[in-house]
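1. Give me a model of this one.
(4 chains)
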2 protein chains.
Amino acid sequence: MENINDILNIDSIAHTKNYKKGDILQRHGETNPNAFFVKHGLLKSYSIDNKGKEHIFMFAPEGWVTADIESQVFNRPSELFIECIEDSEVILVPGNLLFGDDLSVEQLKKNKILTMRRIAVLQRRVIMLMSASALERYNAFLEAYPNLSQRLTQKMIASYLGVTPQALSTIRGKTARNK
Amino acid sequence: MENINDILNIDSIAHTKNYKKGDILQRHGETNPNAFFVKHGLLKSYSIDNKGKEHIFMFAPEGWVTADIESQVFNRPSELFIECIEDSEVILVPGNLLFGDDLSVEQLKKNKILTMRRIAVLQRRVIMLMSASALERYNAFLEAYPNLSQRLTQKMIASYLGVTPQALSTIRGKTARNK
DNA sequence: TTTATTTATTCATCTACATTAACAATCAAT
DNA sequence: ATTGATTGTTAATGTAGATGAATAAATAAA
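-> This is a model prediction of the structure:
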């Protein structure tokens, strides 16, 4: 990954904040003007459904940007919570730098890379959710993010996959036995 | 929606092609350099899983752009098929106009709108697939695309929702009786 | 128009996964 | 260290939705 200041085109030091594990950076219903670039640590963004159940939308480890894009672009209250899974060092990136109407060519080009990568990830995710079993989704997750699973509880991985922790535990038990 | 030439910044007439219902504009495994802007008609993009089952990823009616973005940006063979649901008039938009490295500010800004809208749609879709029942997803679909359902078979709607046609038929039967 | 294909409905099964619950293992906090 | 809270495992039971099949309705093709 290239230099951070270069990609985001802001003074990263001035916008950097430190958070503790469990700190919530953004809540459902809020309109937060910032996106979050993770310098160090790990964030999760998630929604809570009408039964109070948490669904993890994405993880954001070092080098990733996360934000409720729908909220920022259309200026609506956020659907998503964003929370620290580990103590984290985060650059608050003013949303208009990413989504605003008066960006420079350089900024637009850099953002293009980020957004395209995001779309690609989301496209795969939708296809997986529609066509793959829990086991297949789990294996795909391990392959796509090999270093991440060690830093997550199984509960969180299950939430990301769209299954219960019990189901994931059973799946893991089976695959462990089958080799 | 603004003027088409303005948004895409190309001579739309020169790039316009007519297709018949059932025509396939792009196949799995191909690397097609074009994105497709629908002037008139209706396209679907879909994947086929290892059991031969079709999963509709998105519909593209008039005014929408569709392409396998992952394929275009990363120059990989396409995951998706793109096919005409109705006779359609389509502008073939060279992918580098949308995803290339040498775009003008105006192009970049216009593309930003399209890609952000796409991300927002995908974000909602993922959240729905993880947290909502088939009935809830069906109702959300009808609300989000009120004019589209009349132009689609139930089989296609079911495929988009991620359920079997039988399940959707039952759901519709129930809701029809409950009022 | 007649025939063949695709779509839609309904029903009887089956299965992947959810739910509930009980217990063991970790982790966190005083 | 001790207590409480959160996690992980395992098993019994429940359920949404899949699968398969049979029939009717609608489209397309001849």
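2. all strands for chain A, in order.
-> A:16-19, A:24-26, A:34-40, A:42-48, A:54-61, A:65-66, A:81-84, A:88-94 (DSSP state E).
3. Partner strands of the longest one and their direction?
-> Going back to what we said before, that points to strand A:54-61. strand A:42-48 (antiparallel) (DSSP bridges).
4. Briefly note if the strand it pairs with comes near DNA strand D.
-> No - applying Cβ under 7 Å from any atom of the strand, one finds strand A:42-48 separated from DNA strand D by no less than 11.5 Å. C-betas here are computed from N, CA, C, even on glycine.
5. is that strand up against DNA strand C anywhere?
-> No - using Cβ under 7 Å from any atom of the strand, strand A:42-48 never reaches DNA strand C; the gap is at least 13.5 Å.
6. re earlier: of all the strands of chain A, which one is nearest B:T66?
-> Across the strands of chain A, B:T66 has its closest neighbour in strand A:54-61 (23.3 Å, Cβ to Cβ).
7. Contacts only, for A:L25.
-> A:L25 makes contact with A:Y19, A:N32, A:F36, A:L43, A:I82, A:E83, A:C84, A:V90, according to Cβ atoms under 8 Å, 6 or more residues apart in numbering or on different chains.
8. And the pLDDT at A:G52?
-> The per-residue pLDDT reported for A:G52 equals 87.
9. Kindly apply the preceding question to A:T175 instead.
-> Reported pLDDT for A:T175: 82.
10. Same question for A:K39.
-> 92.
11. DNA strand C versus that one, what's the distance?
-> Note on A:K39: its distance to DNA strand C, by Cβ to the nearest atom of the strand, to the nearest Å, is 22 Å.
12. burial measure for that residue, as a count.
-> If you count neighbours by other Cβ atoms under 10 Å in any protein chain shown, A:K39 ends up with 16.
13. same thing with A:A67?
-> Counted with other Cβ under 10 Å, A:A67 comes out at 25.
14. beta partners of the nearest residue to it once chain neighbours are set aside?
-> Nearest residue to A:A67, sequence neighbours excluded (Cβ to Cβ, 6 or more residues apart in numbering or on different chains): A:A35, at 3.5 Å. Beta-bridge partners for A:A35, by DSSP bridges, are A:V93.
15. ranges for the helices of chain A?
-> Along chain A, the stretches classed as helices by DSSP state H are A:4-8, A:12-15, A:69-74, A:95-99, A:105-131, A:134-144, A:154-161, A:165-177.
16. By mean pLDDT, show me the worst of the ones you listed.
-> Lowest mean pLDDT of these: helix A:4-8, a mean of 58.
17. so A:T175 makes contact with A:L135?
-> Yes - at 7.4 Å, A:T175 counts as touching A:L135 under the criterion of Cβ atoms under 8 Å.
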